[in-house]
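Chemist: I'd like to go over a predicted model; first the sequence, then the structure.
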Amino acid sequence: MALVLALVLASPEEDEARELLARVEATTPPVAADPCTAHDERGRAFAVCFDPWRGLELGGGAAAGTDGWTGAFEVGARFRGERESRSKADSTWFDLHRFGAFSLRGVDGLPAWRLTAWTGAFRRHVAEGVLLVPTTPPVRLPFPLDIALAGEVLTWERRLAEGNDYALEPVRLAVLLDPLRASSSRFHLGLGVLASYRLRQVSGVVVHDVTPLTAATLFVNVESEEGRWALRASGTAGWTFGPGQAGGAFRARGEVDGARVLVAVNDQPVAVFVHTGAAWADAGARASSEVTVTAGLRLQLWSAR
Amino acid sequence: MNGRALRGIARTGPSRFRGLRAARGVKHRRARMLSLAMWWALAAAPEVVVSPHAGARASLDWDARTWCVRLAPTKAVPSGEFRVQCDAEKKRCLAAPRTVLVDGVAGEEPLARVRDDCWELFTGEEGAQLLAQAKEEGWRFEEATAEAPPGWYRDERGRVMQVNFDLGRRVYFGGSWSPFYRPDGAGAWGRGRPEVGVSITWMGDGGRQQHRLHFVEGAAWLGKSDDLRFELSSARYDSSVRRNQPPLWLTTFVGKPRRFDLDLNVTWAAELARFEALGGRTFLGVAEADVAVDLWHSVDPDSFVRVRAGPALELDLVEKAAYFRPAVALEADLTLDRDGFHHLVASALGEKLFWAPAVADRPGSPQRLKLRAGYEVILLALNDYPLTLVLDARATWRDDVPTLKGWEFQANAGLRFSLWAPARFSATDAAERAR
């Protein structure tokens, strides 16, 4: 276009060409600056937006618990997805994934770790929620909730202070309802019920824990628009059943994690985080109770938007 | 017509002449000789008088166009043949003799290291026009000294000498007095230290990187017959780089996002075949590979302060053992003046030997710490080869040689003679930039 205009401008029809150029400029929308890229006074670009659910996460800090202070380390990969539903028109799937989440800290002076192969959530957001009553004719009622699923696959927990005992949870799945119905993956508020199955070896004896939708669960994810603030929370509370556990056992656990990006090194953000976790008869192989607070720095590679 | 335009026209002269030079055969040679005679005739202006210089004698500019013309004979230049540079704006020409002056009179020895020989740079038609303009407008012709290359100086007789030296490019040998002291009472005043070495540096990456190669840098400490020492580094490489883009930058998100560039100039260094013989032990450092970070370097970048660290493989030829030898060093090499006369070097090197076999009176993983600070200054130059005074002090702590455990302090004071040592890159680059 520029070449053509330049050629035309050099021709005798110069006035016409200038008028044409002015019209083109008037009708062409200005190129929007990338809001996620800033420039310093020398013109060098740097990223200012990040995705808290993308990239390789490496964190370290100090953890305080009922047994004192200890170091803490974590690693994992996060991935965020979004796609239009192929089977249901006017609906969007927002999903959050974390793979290979590994955390290490000290418990009673000895290492304790937890490894989860996958954890994540899926939420189907619909433009207009509907509850259909199959009467004749069908009745269409407003349904102001998004439906979501949250789960974990293959969680292995080991505390050397517990000897050879371990906990292995093959699957944990929650069905959630989201009253926020945000049209963005940045906001999730899921409330629902949980089903899970867990094996625990306690003093050489394997114990089976089953939660047949008898626990309430909560899933929260909130992020600022540019991704520099992030708050995540999850929790479950309810009854688990197993052989020899007449009437079930009440167990609860919850965690809240807040992070703020302070600096970025080569556009890779480093955030300060505070993580609080609490468990009631649900921590480790021996289903103990505890409260821990961890604070530190977290590097999230390849998360710049 | 201004001076720039005149110079522009003038530059076509030599190129036309070079075209003639390229011609082959008798016919072309005759044509060439005819042309030369014609230009020479045109360039002659025997009525133009060269005045004595007013005040300090000026020098021709290395980067300006020089004309070779015949003017009125003077007492110093009876032939009237001069190298001339004219400034059309000032209406002034500087005229320098074409040969070295002997007893105040131009002799037969042609000037050395002039940019273009008069025979090569013949005046040409445009030069004759310039001369004609100068005559017509009555420009002043003043006595001057011929031009000298960057890093060189020409005296009033026309002799040229090097005054800028790059000691990073040289073949050197020297000797020094090298007394040493040990807290255990050993030590000696009467000890000498001959040394040799070859250093080569070259620029790369558009002048942003300097590569340095050192060959056969060795020294021997000769004194008491029971404490002869020898050290030789067969080949050593390092470099300094000034990158266009910082390898690391930091963005802060407290308040308005801001970016801070960390200009980490990371390079590498390596060493092959380092021998060290002392105290009845002989070590051979087979190979060492380091990562180096310049904490600072000058724009040239001849001067630098850097940190270097890396692993090495070392053989103990007495114990017939192989060591893994990680090393870390802080090094500084500073050229203190523009002409390269004053140099400071300082270094702190730490090495640790792993996988060492058990040896009596030696720990399992011996260590070495070598500290050094030195100063080198050019005293004079012989045939443009610098002779330098070298002063340095060294302190060593080591426990890898049982007979030399602990601290040792030594001083060196001596002379070093360097061959090659051309003008520094900074001198020649400045000339290139001005061109």
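Modeler: The structure has been received and is ready for your questions. Quick caveat: nothing in here was measured; it's all calculated off a predicted structure.

Chemist: what helix or strand is B:Pro46 located in?
Modeler: Using DSSP states H and E, B:Pro46 sits in no helix or strand.

Chemist: what residues are up against it?
Modeler: B:70-73, B:80 (CB atoms under 8 Å, 6 or more residues apart in numbering or on different chains). All C-beta atoms are positioned from the backbone trio N, CA, C, and that covers glycine.

Chemist: do that again at 10 Å, thanks
Modeler: B:69-73, B:80 (CB atoms under 10 Å, 6 or more residues apart in numbering or on different chains).

Chemist: just the buried ones from those?
Modeler: B:69-71, B:80 (16 or more other CB atoms under 10 Å in any protein chain shown).

Chemist: so which of these are in strands?
Modeler: In strands, defined here by DSSP state E, the members of the buried ones among the contacts of B:Pro46 are B:69-70.

Chemist: turn the contacts of B:Pro46 into a markdown table, including distance to chain A.
Modeler: Below are the contacts of B:Pro46 laid out as a markdown table (distance: CB to the nearest CB, whole Å):
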| residue | distance to chain A |
| --- | --- |
| B:Val69 | 48 |
| B:Arg70 | 53 |
| B:Leu71 | 53 |
| B:Ala72 | 57 |
| B:Pro73 | 61 |
| B:Gly80 | 57 |
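
Chemist: where's the residue most central in space within chain B relative to B:Asp63, distance?
Modeler: What sits nearest the mean C-alpha location of chain B, by CA atoms, centre = their mean, is B:Asp166, with 1.9 Å. B:Asp166 sits 21 Å away from B:Asp63, going by CB to CB, to the nearest Å.

Chemist: again, but for B:Ala132
Modeler: 25 Å.

Chemist: before we move on, what about B:Gln133?
Modeler: Following CB to CB, the distance that separates B:Gln133 from B:Asp63 is 22 Å.

Chemist: the more surrounded of those two?
Modeler: Neighbours per residue, other CB atoms under 10 Å in any protein chain shown: of B:Gln133 and B:Asp63, the larger number sits with B:Gln133, 15 against 12.

Chemist: tell me the SS of that one?
Modeler: Here B:Gln133 is recorded as helix under DSSP: H, G, I helix; E, B strand; the rest coil.

Chemist: just B:Glu143 next, same as before
Modeler: The assignment at B:Glu143 comes out as strand when based on three-state DSSP.

Chemist: contact partners for it?
Modeler: B:50-54, B:57-58, B:74, B:76-77, B:82, B:94-97, B:156.

Chemist: can you name the residue of the stretch 51-200 of chain B nearest chain A?
Modeler: Distances between the stretch 51-200 of chain B and chain A by CB to the nearest CB are smallest at B:Gly168, namely 31.5 Å.

Chemist: please state the backbone phi and psi of B:Glu136?
Modeler: Here is the backbone geometry of B:Glu136 (degrees, to the nearest 10): phi -60, psi -40.

Chemist: and it, how many residues sit next to it?
Modeler: B:Glu136: 8 neighbours (other CB under 10 Å).

Chemist: for it, report the pLDDT, please.
Modeler: Here the pLDDT value assigned to B:Glu136 is 87.

Chemist: same question, A:Gly247
Modeler: 78.

Chemist: one more: A:Glu14?
Modeler: Reading off the model, A:Glu14 has pLDDT 62.

Chemist: what would the contacts of B:Pro46 look like in TSV with pLDDT?
Modeler: Below are those laid out as TSV (pLDDT from 0 to 100):
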residue	pLDDT
B:Val69	85
B:Arg70	85
B:Leu71	88
B:Ala72	90
B:Pro73	92
B:Gly80	89
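
Chemist: ok, so of those, who is nearest B:Leu371?
Modeler: Nearest to B:Leu371, judged by CB to CB, of the contacts of B:Pro46 is B:Val69 at 62.0 Å.

Chemist: and the residue of the stretch 201-305 of chain A closest to chain B?
Modeler: Closest point on the stretch 201-305 of chain A to chain B, by CB to the nearest CB, is A:Ala264, at 4.0 Å.

Chemist: which residues touch the closest residue to that residue other than its chain neighbours?
Modeler: Leaving aside its chain neighbours, A:Ala264 sits nearest to B:Thr251 (4.0 Å; criterion: CB to CB, 6 or more residues apart in numbering or on different chains). Each residue near B:Thr251 by CB under 10 Å, 6+ apart is listed here: A:38, A:40, A:46-48, A:261-270, A:304, B:257-260.

Chemist: quick check: B:Thr251 is in a helix.
Modeler: No - under three-state DSSP, B:Thr251 falls outside any helix and is assigned strand.

Chemist: ok, what's across the strand from it?
Modeler: Taking DSSP bridges as the rule, B:Thr251 bridges to A:Ala264, B:Arg259.

Chemist: roughly how far does it sit from A:Gln268?
Modeler: Going from B:Thr251 to A:Gln268 by CB to CB gives 10 Å.
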